[in-house]
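Chemist: This is a predicted model, with the sequence first.
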Amino acid sequence: MGDTGLLLGGFVLLVIGGEMLVRGAVAVAEKMGMSPLLIGLTLVGLGTSAPELVTSVQAALAGSPGIAIGNIVGSSISNILFILGLSALITPMAIQSKALHRDGAVVVFSALLFSLISYFASLDRIMGSIFVTVLATYIVYAYYQEKLPSVAVGGHTSAFEKAEAFGELHEDMVGYGPGADARAEQTGIVFALLITIGGLAVVILGGKLLVDGAIGIARIYGMTERVIGLTIVAIGTSMPEFVTSVVAAIRKHGDVALGNIMGSNIYNILGIGGMTGLIQPTHVPAEIANFDNLIMVAASVAMFAFASRGHRITRIEGAALLLGYVTYIFMLLAKP
């Protein structure tokens, strides 16, 4: 199998494995009596980020920080400039939730924190611990916010909307949609555990194939691993977010589409960045620290500004985000 085949095969296995992992984990949690809210904020939120996590960890283990860090930063950039921009271009997105405005500030804070730390230090276990602690704090905050009576007025957090976006596309899954309780009864815990373990194994294999293919392509075509990580790998691992946000936008669920992007970026930067540092400490390539991180911060600020001003992301603003992404990709490829 050639490098392109490894890359494509890795993408396919990541999607299939990620689906199995989340379905199995949610089924197990249901059988153990976890609340749907807690399942959504933790298992669904973290589970849907499993492809990015495994890919970055595999790349770090392979000694390819350009792919490992490029995947984290590139996914965050493509989520905002490409996926959110395209979603808004398809259907202008009305933002009703006040909570999403607060979470927009969390996205900006996460991007700034990652950029500052990676500029002055390596992504080691201490820094990884900081990121994971901040993410855990945010999840606890989101959980208690969702339990407040005022949530009906203030709106849901982006962590909740990320889970909601996934649930809208998986109404047949245990824990979601009509008849969820009946499906939970029908799904045995042993079978659910096997699905979870099988999904994890498939995701790990897919991540390895993806990283091996990406490294091979970079060597053949003379591209840097950083560029491969920021573009092909990042876009590929962001496909679940692409599908869920575009579908939510078409259904005119603007809060869900935007919340999915915000939630994904929070989990990507803090969760994947933190876990990568904990599992396999790595350094941040200078090009990413000096340039790409700034693009990530700028994109986060733009999203926050668009969502806050007038509580609506228009087609013009969506087109501006897309134009920004095209310009960014051109600058990446134009550099020697």
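Modeler: Arrived safely. As the structure is a computational prediction, the values presented were derived from the model and not from experiment.
Chemist: Do you know the pLDDT at the nearest residue to residue 132 once chain neighbours are set aside?
Modeler: Counting by C-beta to C-beta, 6 or more residues apart in numbering, the nearest residue to residue 132 once its immediate chain neighbours are dropped is residue 274, at 3.8 Å. Glycine gets a C-beta too; all of them are placed from N, C-alpha and C. We note a pLDDT of 94 for residue 274 in this prediction.
Chemist: buried sites along the helix or strand hosting residue 331?
Modeler: Here residue 331 sits within helix 315-334, counting by DSSP states H and E. For helix 315-334, burial by neighbour count (16 or more other C-beta atoms under 10 Å) applies to 317, 318, 320, 321, 322, 324, 325, 328, 329, 332.
Chemist: what's that helix packed up against?
Modeler: With contacts taken as 3 or more C-beta pairs under 8 Å, 6 or more residues apart in numbering; DSSP states H and E, helix 315-334 sits against helix 65-78, helix 85-90, helix 293-308.
Chemist: Which residues does the longest one contact?
Modeler: The contact list for helix 293-308 (C-beta atoms under 8 Å, 6 or more residues apart in numbering) reads 73, 76-77, 80-81, 84, 95, 100-101, 104-105, 107-108, 110-112, 114-115, 118-119, 258, 261-262, 265, 313, 317, 320-321, 324, 328.
Chemist: quick check: angle from it to helix 315-334?
Modeler: With axes from the mean of the first three to the mean of the last three C-alpha atoms, to 10 degrees applied, the angle from helix 293-308 to helix 315-334 works out at 170 degrees.
Chemist: Skip ahead from helix 293-308 and say which helix or strand is next.
Modeler: Toward the C-terminus from helix 293-308 - assigned by DSSP H and E - lies strand 312-313.
Chemist: for that next one, packing partners?
Modeler: Taking 3+ C-beta pairs under 8 Å, 6+ apart as the contact cut, strand 312-313 packs with strand 93-94, helix 254-266.
Chemist: how about the helices in the stretch 1-150 of the chain?
Modeler: Assigned by DSSP state H, counting those that start in this stretch, the helices in the stretch 1-150 of the chain fall at 3-31, 36-39, 45-47, 50-61, 65-78, 85-90, 98-120, 125-147.
Chemist: possible to save the ones you listed as JSON lines with mean pLDDT?
Modeler: Formatted as JSON lines, the helices of the stretch 1-150 of the chain follow (pLDDT from 0 to 100):
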{"stretch": "helix 3-31", "mean pLDDT": "80"}
{"stretch": "helix 36-39", "mean pLDDT": "60"}
{"stretch": "helix 45-47", "mean pLDDT": "68"}
{"stretch": "helix 50-61", "mean pLDDT": "86"}
{"stretch": "helix 65-78", "mean pLDDT": "94"}
{"stretch": "helix 85-90", "mean pLDDT": "89"}
{"stretch": "helix 98-120", "mean pLDDT": "86"}
{"stretch": "helix 125-147", "mean pLDDT": "87"}
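Chemist: any low-confidence regions in the stretch 101-250 of the chain?
Modeler: For the stretch 101-250 of the chain, residues meeting the criterion pLDDT under 70 lie at 101, 146, 148-187.
Chemist: rerun that using 50 as the cut-off
Modeler: Low-confidence segments of the stretch 101-250 of the chain (pLDDT under 50): 153, 173-178, 180, 182-184.
Chemist: For the most centrally placed residue in the chain, give its distance to residue 79.
Modeler: The residue lying closest to the centre of the chain (C-alpha atoms, centre = their mean) is residue 264, at 3.4 Å. For residue 264, the distance to residue 79 (C-beta to C-beta, to the nearest Å) stands at 6 Å.
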